[in-house]
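Visitor: Fold the stuff below for me.
(2 chains)
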Amino acid sequence: MDDPRPTTDAERFLRLAQREARGRLTVYLGAAPGVGKTYRMLQDAARRQGEGVDVVVGIAESHGRSETAILLEPFAVLPRKTVTYEGHSLDEFDIDAALERRPGLILVDELAHTNAPGSRHPKRWQDVAELLVSGIDVATTLNIQHIESLNDIVAGFTHVRVRETVPDSILDSAEIILVDLPPEALIERLHAGKIYLPETAGQALANFFTPAKLAALRELALRFAAGSVDRRLLDDLAISPAEGDFAVGERLLVAVSPGKGGARVIRHAKRLADLAHASWTAVVVESGGARGVAGSQREQLAENLALASSLGAGLMTVAATDVAQALVDQARELRASQIVVGKSRRSRWFEWRHGSIAQDVIRKARGIAVQVVPLDEADERPAPVREANPYSAPALALMLVMAMMVPLWLAETWLPASAIDMLLLLPVIVAASMIGLQAGLWAAVFAALAYNFFFTAPRFTLFITSAGDILTFAALALVAGVIGALAGKVRRQAETSAGVARLNASLARFAGLLGGVSDRDATARVACREIGALLGVQAIIVADEAGHMVVRGNDSFPRLDLVDEAAARWTLEHGQATGRDTGTLNASDWQFHPLQTALGIMGALGVARPEQGRVIRADDATLLASLIDQTALAHERLVLEEDARQVDGLRERDRLRGALLGSIAHDLRTPLTAVIAAAETIPATGDYAEEVRIARTEARRLERFLGDLLEASRIEHGAIEPRLETLDLTDVVAAVLRDLRQDRDGGRVDTRIAPECPLIMSDPVLLRHVLINLIDNALKFAPEDTRVEVAVDTAPDGVTCAVRDRGPGLPPDHANLFERFERLEGSDRVGGSGLGLWIARNFTEALGGHIAASNREGGGAAFVVTLPVAASGSEALRPTDDA
Amino acid sequence: MMRKDVLIIDDEPSIRRLLTSALDRAGITHAEAANAGEALRYAQATPAPLVALLDLGLPDRDGLEIVPQLAALGLSVIILTARDATQEKVAALDLGADDFVTKPFDSEELLARIRSALRRKAGPLINVHRREFAGGHIDRDTHEVIVRGERAELTPREFNLLWALADRPGRVVTHESLLEQVWGPAHRHDLDYLRVAIRSLRRKLEVAPATPRLLINEPGVGYRVAES
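Guide: This is a model prediction of the structure:
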């Protein structure tokens, strides 16, 4: 896993920003029950409510204490949800109600609480995490002994192990408010009966309340709160140590073993990592010997890994026969500065025979600090590996020796005596190398006995008379021992590398199969079939298609039931594993993993196993991760292929559209040119004067409409490239009036240009379109007998060109005036493409200016275009003449 | 063979028909070509037509390509072009075209341009020092500019600018050409000089400087001075 620490300012700000979008968590932390956490939380909440924050009590325990109950009164309290479990009805926090209510701040007492079975999350802290993600601020209470990484320490001096723990990660971004009460005062309160203790806890909990233990707990809480303030400061003030310090200096590697002690080592590593502000990685070394690890040990290993992951460690599995060497190599590769290993208290004899990984690591880890965590005997590693067929080993050895005896017995007369010793080695070697050390030793014993019985005098007795016979016996035993050990090691190595090769081969085959399919159904079918076969599970792929959960890949499971669907949806939405054996919605029979890619979550892979136990065995976890990656990649490839096809389609459509526009430009404009020229030629006099006038006007309008369509398509294709030059608005306005035939006598436009108005920097063609649209519009809307005013003036941010008319003005709601196909009320009588103002706005903006519309005093509309002044605009006004 | 006044070069039969009809009514003789090859054949005939009315979108060649050839054969070239095709207009003028008319054209305007071109072709100038324009004249000999019967006081630069325009009255002179003639080749891109000088000239010559009728700008192309 990558270093979760932000490494750049940008990331740090991003994280701060994320913290803003997420709800804020306030934790009232106490050293022990009864210090007044809930009381203080309610007090603070009352203050917040007074400040206008919408505060709701999600769940709060008054434990019958009257002062707490009184404090609860001013708040809205969410009704609890009743969950029936095995005949008991339990009141639980109702997270759905809380999410629906969306308060500004919700109070959720007792963060470490375990929810009733069947709830959405097994733990209350998970409910809180969900509230935070959906942006709701949460206040909660917590006792120090419930913090996961402190669990061992607390258990160490209180001798009470707390089962309900909260992962440290949820507290990372929380504001910790320490509720402190000196031990004496606490004990006094206990004696005064002010502290509620559950009856079941009884004496055990009461054992907490000794001055020494309370002092220790208090110190722990103080230290934790102080550390938390430190961390937040580091994040917020960006005074975290230089990047290099993290990269090289502070990474921890912890060796995870299958034993119960593994968890203890992991918690210890977490504390060390926190103290050093370091990131840490949990490493499992798969040695060949692990084949002897029993199922329960495997589960323990998986639990240990899950614990490490929940405490924020990166996970890693390495295959090697030499565990210590593998750990040291991995530490070097990760540039870790410390290795944490556990070491059981065992007899020297045991260590001499089996070696100690901790000792080996210390010997090999030059330059890397090694922390050894002592483990109790209860935490011990499993007994040494036992051979696969313990009972048949002597029998097999006996058979081998007997088989050898037959030819020896027959050939004894012509074989030299020394050859018999040598040949008797044969079954020993075979047994030791092929079956195992045990069988080899058994074979040695049988061979020695047989030799003694059949071939030494006195024959057919087991008496040993000569020293030579004793030597033979010892030699046989030694050979069996050495060969057995060597062969065993070779076999284990071969098995390990065969295992790795098998893994690689199956992954390669998997990738190959996925590469050969090209649609979603086939990909899902292949992926599920192969994953199922490789892991011995049922597999499905679930995807959300337009709000529907679609199940693919396994015909036996066409759809999901509600619980499973909820889990799958959660995985799709949050990118977390859910379902069986996980921390979220684990009532589901399926375990869902997100198919995560750079493009997002492509779906969820569901795995299930009909029998009891973990769905995915610990040693299959790495394989599953690789299979998930491959499946996700295959899905990503499908999406990219689909995109590529669509892009091709779009490109083709664009080409067609371009061709269509080209043909409009030519094929429509050419006849229109002829029509207009013809219409202009006919004298507008006599009986048909009005018809000729209409023909002319409408033909011109049609031409402009066509022009608008072409310009609009240029805008849509982003094909507007202004060619800026120094312009005098006088010229542009004059050209527009000429085009609109308004420059002659009888024109309806009055032009006024401020004498010292600066030159502008603009594109004459685009600007002409803007003004022709505005002025034509004004002429269209204003009654025939009114005049349109065009005024050019200097403004603080450039030069304005205002077009004002005495028409009906703008409708009250004209926010969308500059949008496409927005016509003013009643404007269809006057005609127009509905594109004119949209084009005007787009062109003006492309020219670096802006456009605005308003109603005039005394009636009519005013459109004002503001354009940027030419860089040398004011200077250019100075005479450049020889004057 | 009789000399034709105008050679119409357009691949669109309806436009050709329309133009011929308008020219007939105006009493201007004409010939027609539907493509560049045909046009060049006509232009090389003796006697060559006086004016070529050239649509740049031809089926066999880019109309711009034959502009220099037509000009070299002594024809006044008037191009028919789309309004926004400013670069095309400037290029045609640079290649020796005389004038342009934007589509969709109105035949009155087109006939006016053709007449103007024919006039320039018709006879040699009577006075090499004097040019007429709408409402006045400029005299290089006397350094006089008379507008609406009154003498206008121009600076030497303004005088030179007006002369550069009036030398070919009614024809568009590109911005760059004006700058080069009046300010020198180094300033051929200093458009702001030209804008300011035109503004100053307008104040002295136009009836209403805000709505110029004498010094007319063709956006993106150049200026022309209105003919008398």
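Visitor: Could I get the average pLDDT for the strand or helix carrying A:A674?
Guide: In the assignment (DSSP states H and E), A:A674 maps to helix A:669-681. Helix A:669-681 shows a mean pLDDT of 82.
Visitor: Tell me which helix or strand comes right after that helix.
Guide: Going down the chain from helix A:669-681, the next helix or strand is helix A:689-716, by DSSP H and E.
Visitor: how many other residues sit next to residue 157?
Guide: Because you didn't say which chain, this covers chain A. Using other Cβ atoms under 10 Å in any protein chain shown, the number of residues around A:F157 comes to 12. Using the backbone N, CA and C atoms, a C-beta is placed for each residue, glycine as well.
Visitor: other chain: chain B
Guide: For B:R157, the count of nearby residues is 19 (other Cβ under 10 Å).
Visitor: Against which helices or strands is the helix or strand where A:L661 lies packed?
Guide: Here A:L661 sits within helix A:621-663, counting by DSSP H and E. Judged by 3 or more Cβ pairs under 8 Å, 6 or more residues apart in numbering or on different chains; DSSP states H and E, helix A:621-663 is in contact with helix A:467-515, helix A:520-535, strand A:591-597, strand A:600-608, helix A:689-716.
Visitor: related to what we said a few turns ago, what's in contact with the helix holding A:A674?
Guide: A:692, A:695-696, A:699-700, A:702-703, A:706, B:12, B:14-15, B:18-19, B:21-22, B:82, B:103-108, B:110 (Cβ atoms under 8 Å, 6 or more residues apart in numbering or on different chains).
Visitor: what's the angle from it to helix A:689-716?
Guide: If you take axes from the mean of the first three to the mean of the last three Cα atoms, to 10 degrees, helix A:669-681 sits at 150 degrees to helix A:689-716.
Visitor: Identify each buried residue in helix A:669-681, please.
Guide: Going by neighbour count (16 or more other Cβ atoms under 10 Å in any protein chain shown), the buried part of helix A:669-681 is A:R669, A:T670, A:L672, A:T673, A:A674, A:V675, A:I676, A:A677, A:A678, A:A679, A:E680, A:T681.
Visitor: One more: stretch B:77-89?
Guide: Buried residues in stretch B:77-89, defined by neighbour count with 16+ other Cβ under 10 Å: B:V77, B:I78, B:I79, B:L80, B:T81, B:A82, B:R83, B:D84, B:A85, B:T86, B:E88, B:K89.
Visitor: wouldn't the second one be in contact with B:V101 here?
Guide: Spelled out, that is B:I78. Yes: the criterion here is Cβ atoms under 8 Å, and B:I78 meets it with B:V101 at 6.1 Å.
Visitor: intersection of neighbour lists for these two?
Guide: Common contact partners of B:I78 and B:V101 (Cβ under 8 Å, 6+ apart): B:R113.
Visitor: three-state assignment of B:R224?
Guide: Three-state assignment for B:R224 (DSSP: H, G, I helix; E, B strand; the rest coil): strand.
Visitor: before we move on, the earlier item: TSV for the helices and strands packed on helix A:621-663, including mean pLDDT?
Guide: Formatted as TSV, those follow (pLDDT from 0 to 100):
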stretch	mean pLDDT
helix A:467-515	75
helix A:520-535	86
strand A:591-597	88
strand A:600-608	89
helix A:689-716	81
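Visitor: If B:G57 is in a bridge, with which residues?
Guide: Judged by DSSP bridges, the bridge partners of B:G57 are B:D62.
Visitor: Ranking helices and strands of chain B by mean pLDDT, which lands last?
Guide: In chain B, the helix or strand scored least confidently by mean pLDDT, DSSP states H and E is helix B:107-122, which has a mean of 85.
Visitor: Next, the angle helix A:669-681 makes with it.
Guide: If you take the same axes, to 10 degrees, helix B:107-122 sits at 90 degrees to helix A:669-681.
Visitor: what separates the residue lying farthest from the centre of chain A from B:A26, distance-wise?
Guide: Outermost residue of chain A with respect to the C-alpha centroid, by Cα atoms, centre = their mean, is A:G686; its distance is 81.3 Å. Distance, A:G686 to B:A26, by Cβ to Cβ, to the nearest Å: 21 Å.
Visitor: likewise A:A678?
Guide: Distance from A:A678 to B:A26, counting by Cβ to Cβ: 15 Å.
Visitor: got it, and B:P212?
Guide: Counting by Cβ to Cβ, the separation of B:P212 from B:A26 is 28 Å.
Visitor: What of A:A255?
Guide: 104 Å.
Visitor: so where do the strands sit in chain B?
Guide: Taking DSSP state E, the strands of chain B run over residues B:6-9, B:30-33, B:51-55, B:76-82, B:99-103, B:130-133, B:136-139, B:144-147, B:150-151, B:173-174, B:215-218, B:222-225.
Visitor: Which residue, other than its chain neighbours, is closest to the residue nearest the centre of chain A?
Guide: Chain A has A:G575 as the residue nearest its centroid, 5.5 Å off, counting by Cα atoms, centre = their mean. Spatial nearest neighbour of A:G575, chain neighbours left out: A:P594 (4.6 Å); criterion: Cβ to Cβ, 6 or more residues apart in numbering or on different chains.
Visitor: Pairing partners for the one you found in the sheet, please.
Guide: A:A604.
Visitor: same thing with A:E286?
Guide: Beta-bridge partners, per DSSP bridges, of A:E286: A:A319.
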